[in-house]
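*Asks:* Next comes the sequence, and after it the predicted model I'd like to discuss.
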Amino acid sequence: MSLLKRLFLVFGLLAVAGLQSGCGFQPVYGDRSNQQSASELQHISVGLLEDRVGHRLRDELHRLLNSDGQAVRYHLAINLANRSTVTAVDRDSSDRRSNLRLVAAINLTEPGAEAPLYQTTVISDAGIDQLPSDFATLVAEDAAERRAVERLARDIRQRLALYFARRP
């Protein structure tokens, strides 16, 4: 390898290393001197939700936020909507596949305050195969609902953690 090629290789590697060090990446849950985002999540109380999907979401958020026995500093209100749409139809016009979509509009407030600290909308989708057996279809729908709820709860937790990490 010629000297010129080696110099280009060395300078190229140094340039890439320099760009990587200044990218601003910070782990949300990693070891940092300020663990504000992880500790603030434990002080969130999740409001009551209607129907089975809402109860599953509330239970999953309660599990992910580890809020057992912690003093409540924030209240999380969730407006949850779910809908199922047919995405594939057989030749005999029977449904073959459908999609479950959960849409959660979240508002994080301090107790007693009216203005939200943080608000956003989070969406989760899950596909459902419509099977010949009614029982198998019910099991598939329940599994899709569980997947969508778990994904939605993780996304909500991640967005709240990012909010607390970026908060002054």
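*Replies:* Yes, it's here.

*Asks:* Can you show me the helices along the protein?
*Replies:* Ranges of helices in the chain, per DSSP state H, are 3-21, 36-41, 51-65, 134-166.

*Asks:* Dump those into TSV; add mean pLDDT as well.
*Replies:* As requested, the helices of the chain are exported to TSV (pLDDT from 0 to 100):
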stretch	mean pLDDT
helix 3-21	74
helix 36-41	70
helix 51-65	90
helix 134-166	90
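
*Asks:* wait, which of these is closest to Tyr118?
*Replies:* Proximity to Tyr118, assessed across the helices of the chain by CB to CB, is greatest for helix 134-166 (4.7 Å). Backbone N, C-alpha and C define where each C-beta goes, glycine included.

*Asks:* For that closest one, buried residues please.
*Replies:* By 16 or more other CB atoms under 10 Å, the buried positions in helix 134-166 come out as 137, 140-141, 144-145, 147-153, 155-157, 159-161, 163-165.

*Asks:* Over to stretch 58-65?
*Replies:* Of the residues in stretch 58-65, 58, 60-61, 64-65 count as buried by neighbour count, 16+ other CB under 10 Å.

*Asks:* Please apply the same query to stretch 68-83.
*Replies:* For stretch 68-83, by 16+ other CB under 10 Å, it's 74-78, 80, 82.

*Asks:* can you check stretch 108-128 too?
*Replies:* 108-109, 118, 122, 124, 126, 128.

*Asks:* Most widely separated two among those?
*Replies:* Top of the distance list for the buried residues of stretch 108-128 (CB to CB): Thr109 and Ile128, 34.5 Å.

*Asks:* Tell me the spacing between the residue nearest to Leu117 when sequence neighbours are not counted and Gly54.
*Replies:* Once flanking residues are discounted, Leu117 sits nearest to Leu108: 4.9 Å by CB to CB, 6 or more residues apart in numbering. With the distance defined as CB to CB, to the nearest Å, Leu108 ends up 17 Å from Gly54.

*Asks:* Could you do Leu131 as well?
*Replies:* From Leu131 to Gly54 the distance is 26 Å (CB to CB).

*Asks:* Show me which of those two is the more surrounded one.
*Replies:* Gly54 (19 against 14; other CB atoms under 10 Å).

*Asks:* Could you check how far Glu110 is from His55?
*Replies:* Computed as CB to CB, the Glu110 to His55 distance reads 25 Å.

*Asks:* make that Ala144, sorry
*Replies:* 17 Å.
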